[in-house]
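In: what's the 3D shape of this:
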Amino acid sequence: MATKKPTESGIRADTFQTNFTAGEFSPLLEGRIELAKYKDAVSKLENFYTFPHGPVDKRPGTRFISTVKTESAKTRLIPFIFSTIQAYVLEFGNNYIRFYKDEGQITSGGPAYEISTTYTTAQIPDLRFTQSADVLYICHSAHAPKQLSRTGHTSWTLSAYDYGDGPYLAENTTSTTITPSGTTGSITLTASASLFSANDVGRNVRLQQASKWGAAKITGYSSATLVNATVIDDDDSDFENTSAVTTWRLGSWYINNWPAGQPTFFNNRLVFCNTTAEPNAFWCSRSNDFNSHKPTVRDGSVTDSNAVNRLITDNQVNAIFWLVVDNADMFAGTSDGPFKIWSGSTTEAFSPTKVKVDKQTRDGAANQAPTPAGDAILYVSRSTLKVRELSFSFEKDKHLSANLSLLSEHITKPGIAHVEYISEPDSLVYCILTDGSLVSMTYKRDENVIAWHKQILGGTGVEVESLAAVPGMGGTFDTLYMIVKRTINSATHRYVEFLENRFEPTSLTDKDDAFFVDSGLSYAGVSATTITGLSHLEGEVVTILSEGATHANKTVSSGQIVLDRATTKCHVGLGYTSKLVTLPLEAAMTTGTAQGKTKRISEVLLRLYKSLGGQIGPSETSLERVLTRSGLSPMDSSPPLETGDRILNFNGPHERQAKVTVIHDEPLPFTLVAIGPRGEIQKR
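Out: Numbers count the residues shown, from 1 in each chain. Predicted structure coming up:
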């Protein structure tokens, strides 16, 4: 809103931006003053978050935990959440897994605890997983599904997933026969024509004899007509006899044709999807039996508890990249849009005889795991440039996939590589971009808050390579872990760090625990001037907060710094700068819009909340400090935080746009509740 008074040269404009719930607007929208969200947006928002209720808050820093095992190779973090108070983060690297819990690395007798795997560096980005209690199920096209089980902090086991009798391709329709050499135990299977290959080791075979089905798993390859096998002991799967039969089914899964899509749990079934041969297929285990994919009972009849195997049929073959459950339905993300998989009725349960697949939209998905967020599913678009929100529309009676990046389309370029959601405390979506930069979005759909911001981590050569969100210590908030690639002392390093929880001072003098440095560490103890343990920042210029007061920057040498004054508590790390730039000044005028007219801002009102420091000006190269020390503040101590209105003189030039730039580059809290540029708009 704006009040106006005519002057000799123009019109007085007193504007007041009450909130920032539209975040950073695309430059393409700076002319769309008629949009309702224009008044709630800014043209730049870096290293700030938008609170769901309006203000912007300086983001907290990241705290260093450890280096990854092999700093020269990309690694990945995967969450493992048993409950809100038992949550882990797993570091997957070349042929190993390491473990983190409660903001630290799990060790065993000193060294980091780890287990061996067969996943290579090149394969790790394509791992897909889902979890039930203490078991994580892992999929990759080059590996049979595996399960990672936990029985203690330093007791983890990676083993093959036993999928029992199934799943299978359609029944044979040729004249080729298969003959088993026995009915139980270790046997051979002989085909009457070339049928088998070396890739069939581990593949199931199902035979119908005397109207009864039996099954075996291939354990060795001899020729195209002869393989070794073991009869499956799964609810009476023995063979009836050793007769040759033409009624047989080959397993859907085999070497180099394992499920590769994102699995999930649905109606007490473990569901897999997407092999090379059947990219549009999904396979549900038996009900309440995750280790069996038996399609029928022994006599061939199908019960409601049997496994479900289906192809998504459409006018093109749509590879299923992911499966996710929302309320009572399962959704499959494909390159041509999401499909709903359900029973087809709100009163009947999903079963082998009650399966319906309905296409929802044609907004295709990228081959990346989605993230549930509130009542919606957020997924990356096929172009990787958008985050889409899959949610139910009562008007359309179907799920739609709104583009959450529409008003900030520039932020997600050059493309999204990964999405992670944190519900507590502020409902934030984090995205790694393909160039390693980190962006975020405040997402509160019920309050119509979709606010994008950029998070530029301190340091040089910084790339964020992986994210994992898990419940934090105590379970009342979520913690975002990340692998950050950094250039430190001219060398490349990869660190595991986590984003500190939002700092909430209890009073205007509570600043000692403010943590606003990146890749940082804290010291608390007896009064000291030498701070050690900083070898991960060797040769770097670090920013320091000592006992709630800023301290001159220091350079880390031999893993330590020497302070100018003794401290009992300090935080040391890489500094970063928060920036906010308003949109071009707009005010209602009797002569129309203020756009295109010469304007000058002469005064700015900042409404602050428990803040200290900052700079303001018409541009990043023309700034003045926001003075926060009053005449009553002692000169030998840090001034208190400030809450309330600060009206500042603003020497803005005469210009067409008239923006306000707010900069904060100190390791202190800063929350901007509202901003009110005041000035004069010329008549032309």
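In: residues contacting the closest residue in space to Gly214 that isn't next to it in sequence?
Out: Once flanking residues are discounted, Gly214 sits nearest to Phe239: 3.9 Å by Cβ to Cβ, 6 or more residues apart in numbering. All C-beta spots, glycine's among them, are computed from the backbone N, C-alpha and C. Contacts for Phe239 (Cβ atoms under 8 Å, 6 or more residues apart in numbering) come out as 180, 182-184, 187, 207, 209, 214, 216, 231.
In: tell me the SS of Phe239?
Out: coil (DSSP: H, G, I helix; E, B strand; the rest coil).
In: From Leu250, how far out is it?
Out: As judged by Cβ to Cβ, to the nearest Å, Phe239 and Leu250 stand 16 Å apart.
In: Repeat that for Thr371.
Out: 36 Å.
In: I'd like to know how many residues surround Lys39.
Out: Residues lying near Lys39 (other Cβ atoms under 10 Å) number 16.
In: next one: phi and psi at it?
Out: For Lys39, the backbone dihedrals (degrees, to the nearest 10) come out as phi -70, psi -10.
In: Check what pLDDT it gets.
Out: If you check Lys39, the pLDDT there is 95.
In: cool, and Thr303?
Out: Thr303 is given a pLDDT of 95.
In: OK, contacts around the residue nearest the centre of the chain?
Out: The residue lying closest to the centre of the chain (Cα atoms, centre = their mean) is Glu420, at 1.4 Å. Glu420 makes contacts with 371, 429-431, 467-469, 480, as judged by Cβ under 8 Å, 6+ apart.
In: Give the closest residue to Ser211 in space, chain neighbours not counted.
Out: Asp299 (6.4 Å).
In: From Gly214, how far out is the one you found?
Out: Taking Cβ to Cβ, one finds Asp299 at 12 Å from Gly214.
In: next one: Phe503
Out: 64 Å.
In: Which of these two has more residues huddled nearby?
Out: Between Phe503 and Gly214, counting by other Cβ under 10 Å, Gly214 is the more crowded of the two (24 against 20).
In: In a strand, that one, correct?
Out: Yes - under three-state DSSP, Gly214 sits within a strand.
In: Same question for whichever strand or helix holds Leu136: list its buried residues.
Out: Leu136 belongs to strand 135-140 when elements are defined using DSSP states H and E. Of the residues in strand 135-140, 135-140 count as buried by neighbour count, 16 or more other Cβ atoms under 10 Å.
In: Each with direction, which strands does it pair with?
Out: Sheet pairing of strand 135-140 (DSSP bridges) gives strand 128-132 (antiparallel), strand 143-152 (antiparallel).
In: What are the contacting residues of the last one?
Out: To tie it back to what came earlier, the one meant is strand 143-152. With Cβ under 8 Å, 6+ apart as the test, strand 143-152 has contacts from 80, 82, 88, 90, 97, 118-119, 123, 134-139, 156-161, 163, 202, 253, 258-259, 263, 272.
In: Write the PyMOL selection for whichever of those residues are buried.
Out: PyMOL command restricting these to the buried ones, with burial defined by 16+ other Cβ under 10 Å:
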select buried, resi 80+88+90+97+119+123+135+136+137+138+139+156+158+161+163+253+258+259+263+272
